[in-house]
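Student: what follows is a predicted structure for the sequence shown.
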Amino acid sequence: MLQKLLSFSRTSKRLIALCFDVLALLFAYAFALCVRYESFYWPEDPDVLWAIAIAIPVSMLLFARFGLYRAVVRFMALSALLVVSLGVLSSSLVLAIAVYFLNAAVPYSVIINYALMSLILIGGSRLLMRSLFERRANREKERVIIYGAGSAGRQLAQALINGAEFHPVCFVDDDKTLQGSSILGLSVYSPVSIEAAINRCEARRVLLAIPSVSRARRKEILDFLEPLKVTVQSIPGMADMVDGDMSIDELQDVRIEDLLGRDPVKPRKALMNTNIFGKQVLVTGAGGSIGSELCRQIVQYEPEILILLEASEFNLYAIERELADLIATEQLQVSLQPVLCSIQNRSRLAKVMQHYAVDTVYHAAAYKHVPMVEYNVVEGVRNNIFGTWNVAEAATANGVKDFVLISTDKAVRPTNVMGATKRMSELVLQGMAKREGNNTRFAMVRFGNVLGSSGSVVPLFRQQIIDGGPVTVTDPEITRYFMTIPEAAQLVIQAGAMGTLAARETDGKGGDVFVLDMGEPVKIDYLARKLIRLMGLEVRDVNNPDGDIEIVYSGLRPGEKLYEELLIGDDVQLTDHPRIMTASEIALPWADIELLLEKLDTYCSDLTIDGIHELLQQAPLGFAPSSGINDLMYNNGDVVIESIPCEK
């Protein structure tokens, strides 16, 4: 019946509503007369009938004028009842006026009863239809529980009620004063009752409406929900909603940073400004994962010019457009200069730095994917070592004051070519810092994996789970440090500023190695299992053969380590920033570095892969390859490349 009614045209529905209202007013009038005379009453005075005959058409016109027939019943808000009440009151007044001028024998109590009965029939019928439509729609929606009965939870519930996908069945909240109460017609339960609520309400999804809680508390909640067979999602963060980037009902899968439970430290404005505000700043690799976030952070502190240096045309276009929109929206006074350039082109780099009179360089351009560099050794060396050297030489030759290298934890006791090249690039800058005539302050910032970077395992795991598995993990014991890209970028800028300030105080040229506090390392296998369970599924293994998703261990790839480290030695010092440390590590004089670079250049030009490998092992890098030479050309293409993401 409801489905047939929904199929009618809008005009037909309005006509049905109008006819119903006419009959409702007639019935209300007859009912009022019968109640007044306490029996079935047929008026002998024709003016009694004329009064209602006049009142009904006038009432229909007033109802239409008030917009009662424009309201869609199934989406009718409670405010529409005010329109109904106003219409009924007007109808009653019209009836009273008609009775008065016709001098009809209608007691005033009849008009009052008429008004009450009309309100019940006209308003009540619409509420009844709305309720029937909602019940029907709710049967087709997925039943969900909202964790958090605060302002965000109430807004989410209202949005879902009006939506077509989810039906909220109850709230869960830690606040004991709310437990046992009812909000928007939904009961509020304590967290200890959530399993019973899930079973009773047949919910298969829990939505976290707690955008303001700390990540540590969010992790506790996720750990509590993990054993339950429900999908866990959350609403956007408060910042995204305040900025208007996302609405409250745009649900997100659980973010990996929530599983880590690590809260970022608010950046210090003075440090963020030191090398940026009012200066000419250049970022290499500006379109990459780290480089692009550095640019987003940098523009907020208003350099005079921000030079985006990138070898990929598309990446350069994308970040330039994004930053241009950000600058326009925030009304920032920043000049963007997109420069298409490879860091292997020293003359072009020098010309760029001379032209823009660059003050600060953030060198983020590098090949970072471990297996890709293993398979392409010469390009890895050319880009990571000689590319860094090119940028540094161009900087020193053109009066750049501060130079910050983005390094990696894989530079510590490297087992792969990528890590060895990054450690070598650190030595190059340390040697240049001590070189005679150098006026550029060098600093290196070392950290581990960042969440959401290209090649990150987390998006892959999520997609593999959606596809039904299996989830591929290289080794059950493999662990990694993790940090969000925005936090890493903020700490890089602040660490570089600390190097600048320290060099100014000592009248030195830097060369400091800063290490970011990455928190505790996390097992990749742990992350995979967490994601599976928080998506409402179970891990399938020998102990649970009926599970949903299998985890397959593919084995370590060429050059990959089980454990990553951030420090080469034990000589680490704390700074006044809780997330930044300094390390005192081996450095070579520039003459030794230059000799190594000359030999490397010869080997690269001659494509002598084994010579490159041998030289990197002889240099004081701590390079101990975990496998043989994996270069594709050296092995005549015999290396088998697995279709799994490159670890960074």
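Tutor: Structure received. Just so it is clear, the model here is predicted, and its values are computed rather than measured.
Student: going along the chain, name the strands of the stretch 451-600 of the chain.
Tutor: 471-473, 479-480, 482-484, 510-516, 522-523, 539-540, 549-553, 572-574, 580-583 (DSSP state E, counting those that start in this stretch).
Student: how about these, which one is nearest residue 442?
Tutor: With C-beta to C-beta as the measure, strand 510-516 is the member of those nearest residue 442 (4.4 Å). C-beta: built from backbone N, CA, C; applies to glycine.
Student: which residues are in contact with residue 381?
Tutor: By C-beta atoms under 8 Å, 6 or more residues apart in numbering, the contact set of residue 381 is 417, 421, 600, 604, 612.
Student: turn the residues you listed into CSV, columns for neighbour count and pLDDT.
Tutor: Output for the contacts of residue 381, formatted as CSV (neighbours: other C-beta atoms under 10 Å; pLDDT from 0 to 100):
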residue, neighbour count, pLDDT
417, 31, 93
421, 32, 95
600, 24, 94
604, 20, 92
612, 26, 93
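Student: and of those residues, the nearest to residue 542?
Tutor: Using C-beta to C-beta, the contacts of residue 381 come closest to residue 542 at residue 417, 37.5 Å.
Student: show me where the stretch 51-200 of the chain dips below the pLDDT cut-off.
Tutor: Along the stretch 51-200 of the chain, the parts satisfying pLDDT under 70 run over 62-63, 66-81, 127, 130-140, 164.
Student: could you redo the last one with a cut-off of 80?
Tutor: 51-92, 94-95, 98-141, 161-165, 184-185 (pLDDT under 80).
Student: that older thread, nearest to residue 533, of the strands of the stretch 451-600 of the chain?
Tutor: Across the strands of the stretch 451-600 of the chain, closest to residue 533 is strand 539-540 (C-beta to C-beta), at 7.3 Å.
Student: can you give the strand pairings for that closest one, parallel or anti for each?
Tutor: strand 549-553 (parallel) (DSSP bridges).
Student: okay, now residue 351: neighbour count?
Tutor: Neighbour count for residue 351, taken as other C-beta atoms under 10 Å: 15.
Student: checking it next. Helix, strand or coil?
Tutor: Classification of residue 351 by DSSP: H, G, I helix; E, B strand; the rest coil places it in helix.
Student: ramachandran coordinates for residue 205?
Tutor: phi -150, psi 140 (degrees, to the nearest 10).
Student: that one: what's it in contact with?
Tutor: By C-beta under 8 Å, 6+ apart, the neighbours of residue 205 are 142, 143, 144, 145, 166, 230, 231, 232, 233, 536.
Student: and the pLDDT at it?
Tutor: Here the pLDDT value assigned to residue 205 is 85.
Student: who does it bridge with?
Tutor: residue 144, residue 231.
Student: ok, back up a step: the contacts of residue 381 in helices, which ones?
Tutor: Of the contacts of residue 381, the ones assigned to helices by DSSP state H are 417, 421, 600, 604, 612.
Student: which of the residues you listed sits closest to residue 61?
Tutor: residue 421 (83.4 Å).
Student: once you drop chain neighbours, what's closest to that closest one?
Tutor: Residue nearest to residue 421 in three dimensions, not counting chain neighbours: residue 384, with 3.7 Å by C-beta to C-beta, 6 or more residues apart in numbering.
Student: which ones are touching the one you found?
Tutor: Here residue 384 is in contact with 366, 367, 373, 418, 421, 422, 424, 425 (C-beta under 8 Å, 6+ apart).
Student: if you set the cut-off to 10 Å instead, what comes out?
Tutor: Each residue near residue 384 by C-beta atoms under 10 Å, 6 or more residues apart in numbering is listed here: 343, 365-368, 373, 408, 417-425.
Student: of these, which is the nearest to residue 128?
Tutor: residue 368 (63.3 Å).
Student: now do the helices in the stretch 251-400 of the chain.
Tutor: Taking DSSP state H, counting those that start in this stretch as the test, the helices found in the stretch 251-400 of the chain are 256-260, 269-274, 289-300, 313-330, 346-356, 370-375, 377-381, 387-397.
Student: nearest to residue 589, of the ones you listed?
Tutor: helix 387-397 (15.6 Å).
Student: quick revisit: mind giving me the PyMOL select for the contacts of residue 384, buried ones only?
Tutor: Command for PyMOL that selects the buried part of the contacts of residue 384, burial taken from 16 or more other C-beta atoms under 10 Å:
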select buried, resi 343+365+366+367+368+373+408+417+418+419+420+421+422+423+424+425
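Student: thinking again about what came up before, mean pLDDT and distance to residue 449 added to the helices of the stretch 251-400 of the chain, as TSV?
Tutor: Shown next, in TSV, are the helices of the stretch 251-400 of the chain (pLDDT from 0 to 100; distance: least, C-beta to C-beta, whole Å):
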stretch	mean pLDDT	distance to residue 449
helix 256-260	69	10
helix 269-274	90	23
helix 289-300	93	11
helix 313-330	94	20
helix 346-356	96	28
helix 370-375	90	11
helix 377-381	95	19
helix 387-397	96	21
